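Next come a sequence and a model predicted from it.
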Amino acid sequence: MKILTAAQTREADAYTIKAEGISSADLMERAAKAFTTWFENKFQPTKEVLVFCGPGNNGGDGLVVARLLHQRNYPVRVFTVGASEKASSDFKTNLKLLPDELKHFHIEEANQVPDLNEDLNVIDALFGTGLNRPVTGIFADVIEKLNSSAACITSIDIPSGLFSDSQTPYEGAIIKADYTISFELPKLAFLLPQHEEYIGEWHVIPIGLSEQFISETETNLYYTTYRDIHYKLKPRKKFSHKGTFGHTLLLCGGFGKMGAAVLAARACLRSGVGLLTLQVPSAGYTVLQTAVPEAMTLADKSRKHLSELPQDINKYNAIGVGPGLGTERITKTAIGQLLATSSHPLIIDADAINLIGSSDKLKAQLPKNRVIFTPHPKEFERLVGKSNNDYDRLRDMLEFCAEYGCYVVLKGSNTAIGTPEGKLYFNSTGNAGMATGGTGDVLTGIITALVAQHYTLEDACLLGVYVHGLAGDLASSKVGDIAMTASDVIDHLPQAFLHLQQSS
Ligand SMILES: NC(=O)C1=CN([C@@H]2O[C@H](COP(=O)(O)OP(=O)(O)OC[C@H]3O[C@@H](n4cnc5c(N)ncnc54)[C@H](OP(=O)(O)O)[C@@H]3O)[C@@H](O)[C@H]2O)[C@@H](O)CC1
Ligand SMILES: [K+]
């Protein structure tokens, strides 16, 4: 699914209006109806609904929603804020359409905002995608009052005051919504961790914007959903054999961290790889042979650390390196050799990222278009550097991908995947239960297995991250997100792949 900017969304609105021969008020009515249906499914008409409307079309949406909820027997009060002479024409039209019995107040000072308690539902329709500067003055005072109340806040399209696709200036007030209901497509702002307290739980509802316009509009931003992913899964052909699905090498594990190698290996095997070889420090040899009997294990000459590469490194068609390795000097040397000698794709995680991140020499050795990095935010900082905010971080990530010709999978809620061509994908699966030790090792195993099966690096990242999150979601529905472990994620990989396969 594409993510469009506020400007592109405005164009999509205008295009749809023209193409369908409808008025902008008709489109507003359609959007407000879709919002009202969501609201009705979520909230009973037992609590009073207070709708706060700004002067633009977001406020216009609020007015239509108020009218529709009133028709459906919700107790509603409307509050308008801002100079009426500046109001948009669709706002003015819909203000006139409010029935007389629906209570309407105009707010000029913040003390006119009524006391708000948890027995009220607030709908925030102050500003949408037309916001063009930070919110201050009376609007900020109203936002402050709403934020400090215990009422449940649902924002129409976007929390008022939040910029959709660029950094909101720090002086601007922003609604802290419990729910955000966005029209047609998600907004970039929803996917950034720094906005968690503003967005709340978000949903996208279709309002019938032109599919043709959206498909023809260029963007480098995508939100990957089931529809974008399931068809990428390749069927296994009848006459295939284990060689068809690749031979993977995992260079993982260290003294006290053999579990990382076990998790990566088990995940790799559960992701369809043909053959798996691991090389682990010799102290881990028995552990791996026992815990993962399907894999072949090579013992490093060092007892505790990775210190050498296996012979014939180029017989493996994908190599995953990093989980549990540690950052010993000898390991760094081995990684340098790996970068210099391997001719197949490398999936680089954990301590291998830390080692490369701290060495300009190793960075300079990175082969182009053959590397996937899978950092968590701290590892990302070591690799790419610190950023001031999430927008800068995404920009820095894409610059890094372009400079080194690599893919970066920045793990987190809505894991972000950057490509050398400058595309940015945000994942839609996964949950907070996955924020636990070992889930990253699992992801390394999955992506390495997919690369070995000849998926493109981009598809391996997209599919791997999606299926990892899906397995996490399935695990969470079984064991809950508190008790969930990385092993639970592996245990649900079969179901996750089946889910993608069955409907593909
Ligand atoms: N287009 C369509 O057909 C459809 C659009 N839809 C809906 O419209 C929304 C976008 O509507 P919009 O473009 O009218 O912008 P909106 O966010 O309401 O605000 C603009 C107003 O605010 C003002 N203003 C801006 N910043 C300000 C600030 N910081 N502080 C104070 N004032 C500020 C600005 O005035 P200015 O002072 O800049 O002249 C202007 O008056 C979109 O999110 C969706 O909900 C749906 O109904 C589907 C159909
Ligand atoms: K809003």
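Nice, thanks for sending it over. Ligands and ions are numbered 1, 2, ... in the order given.

Up against ligand 1, what does this structure have?
Neighbours of ligand 1 within the chain, by C-beta under 6 Å from any ligand atom: 13, 24, 27-28, 31, 54-59, 61, 86, 88, 127-135, 139, 156-157, 183. In this view, the C-beta of every residue, glycine as well, is placed from N, C-alpha and C.

how many other residues sit next to the nearest residue to Cys152 once chain neighbours are set aside?
Nearest non-adjacent residue to Cys152, counting by C-beta to C-beta, 6 or more residues apart in numbering: Asp178, 5.0 Å away. Asp178 sits with 15 neighbouring residues when counted by other C-beta atoms under 10 Å.

And Lys301, by the same measure?
8.

so who does it touch?
By C-beta atoms under 8 Å, 6 or more residues apart in numbering, Lys301 lies in contact with Ser282, Ser307, Glu308.

quick one, phi/psi of Ala34?
Backbone torsions of Ala34, given as degrees, to the nearest 10, read phi -60, psi -40.

List the contacts of it.
Counting by C-beta under 8 Å, 6+ apart, Ala34 touches Phe183, Ile205, Pro206, Ile207.

so where's this structure shaky on pLDDT?
For the chain, the stretches with pLDDT under 70 are 503-504.

So it: which segments form each domain?
As given by automatic domain parsing, the domain ranges for the chain are 6-219, 244-502.

how far does the last one sit from the chain's center?
In this view, domain 244-502 has its centroid 18 Å away from the chain centroid, taken as C-alpha atoms, centre = their mean, to the nearest Å.

Endpoints of that domain, how far apart?
End-to-end span of domain 244-502 (C-alpha to C-alpha, to the nearest Å): 22 Å.

mind listing what's buried in stretch 47-56?
Residues of stretch 47-56 classed as buried: Val49, Leu50, Val51, Phe52, Cys53, Gly54, Pro55, Gly56 (neighbour count, 16 or more other C-beta atoms under 10 Å).

what's the closest of those residues to ligand 1?
Gly56 (2.3 Å; C-beta to the nearest ligand atom).

so that closest one makes contact with Gly130?
Yes. Between Gly56 and Gly130 there is a contact at 4.7 Å, judged by C-beta atoms under 8 Å.

still on that earlier bit, relative to Tyr231, which of the domains of the chain is closest?
domain 244-502 (9.1 Å; C-beta to C-beta).

for the stretch 351-500 of the chain, what spans make up the strands?
371-373, 407-410, 416-418, 424-427 (DSSP state E, counting those that start in this stretch).

Now render the ones you listed as a markdown table, adding mean neighbour count.
Output for the strands of the stretch 351-500 of the chain, formatted as a markdown table (neighbours: other C-beta atoms under 10 Å):
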| stretch | mean neighbour count |
| --- | --- |
| strand 371-373 | 25 |
| strand 407-410 | 26 |
| strand 416-418 | 25 |
| strand 424-427 | 24 |
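
Tell me which of those sits nearest to Val81.
For the strands of the stretch 351-500 of the chain, distance to Val81 was read as C-beta to C-beta. The smallest value, 32.7 Å, belongs to strand 424-427.

Give the pairing partners of the closest one; include direction for each.
Using DSSP bridges, the strands paired with strand 424-427 in its sheet are strand 221-224 (parallel), strand 416-418 (antiparallel).

Adding distance to Tyr425, write the ones you listed out as TSV.
Output for the strands paired with strand 424-427, formatted as TSV (distance: least, C-beta to C-beta, whole Å):
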stretch	distance to Tyr425
strand 221-224	5
strand 416-418	4
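
Which one of the ones you listed lies nearest to ligand 2?
Nearest to ligand 2 among the strands paired with strand 424-427 is strand 221-224; the distance by C-beta to the ion comes to 19.9 Å.

Might you enumerate the residues of the stretch 101-250 of the chain proximal to ligand 2?
Contact residues, the stretch 101-250 of the chain versus ligand 2 (C-beta under 5 Å from the ion): Asp124, Ser155, Ile156, Ser160.

how many other residues sit next to the residue in the stretch 401-504 of the chain that ligand 2 sits nearest to?
At 20.9 Å from ligand 2, Asn414 is the closest residue in the stretch 401-504 of the chain, using C-beta to the ion. For Asn414, the neighbour count with other C-beta under 10 Å is 20.

Report the contact partners of it.
Asn414 makes contact with Leu191, Phe426, Asn427, Ser428, Gly430, according to C-beta under 8 Å, 6+ apart.

thinking the fourth one is in contact with Val204, fair?
No. With contact defined as C-beta under 8 Å, Ser428 does not count as touching Val204 (10.3 Å).

more neighbours, the two?
Ser428 (21 against 17).

so who does that one touch?
Shown in contact with Ser428 (C-beta under 8 Å, 6+ apart): Tyr223, Thr224, Thr225, Tyr226, Asn414, Tyr466, Gly469.

what does Asn317 give?
Taking C-beta under 8 Å, 6+ apart, we find Asn317 in contact with Gly246, His247, Thr248, His344, Pro345, Val451, Ala452, His454.

Same check on Ile181?
Phe35, Trp38, Phe39, Thr154, Ser155, Ile156, Asp157, Trp202, His203, Ile205.

Of those residues, which pair is most distant in space?
The distance between the two most remote of the contacts of Ile181 (C-beta to C-beta) is 14.2 Å, for Phe39 and Trp202.

could you redo the residues of the stretch 101-250 of the chain next to ligand 2 as a markdown table and give each row secondary structure?
Formatted as a markdown table, these follow (DSSP: H, G, I helix; E, B strand; the rest coil):
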| residue | secondary structure |
| --- | --- |
| Asp124 | strand |
| Ser155 | strand |
| Ile156 | strand |
| Ser160 | coil |
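
ok, those residues vs ligand 1, which is closest?
Checking these against ligand 1 by C-beta to the nearest ligand atom gives Ile156 as the nearest, at 5.5 Å.

rewinding a little: which ones among the contacts of Ile181 are found in helices?
Those of those mapping onto helices are Phe35, Trp38, Phe39, per DSSP state H.

Which member of those is positioned nearest ligand 1?
Nearest to ligand 1 among these is Phe35, at 8.8 Å by C-beta to the nearest ligand atom.

Quick check: the closest one vs Gly437, distance?
Noted for Phe35: a distance of 41 Å to Gly437, by C-beta to C-beta, to the nearest Å.

Could you do Glu421 as well?
For Glu421, the distance to Gly437 equals 33 Å [C-beta to C-beta].

Repeat that for Asp119.
42 Å.

what does Ile330 give?
According to C-beta to C-beta, Ile330 and Gly437 sit 25 Å apart.

In terms of neighbours, single out the busier of these two.
Taking neighbours as other C-beta under 10 Å, Ile330 and Gly437 compare with Ile330 leading, 14 against 11.

Return the residues in contact with the more buried one.
Contact analysis of Ile330 by C-beta under 8 Å, 6+ apart lists Ser302, His305, Leu306, Ser307.

Just flag the most distant two among these.
Taking C-beta to C-beta, the two most distant members of the contacts of Ile330 are Ser302 and Leu306; they sit 7.1 Å apart.
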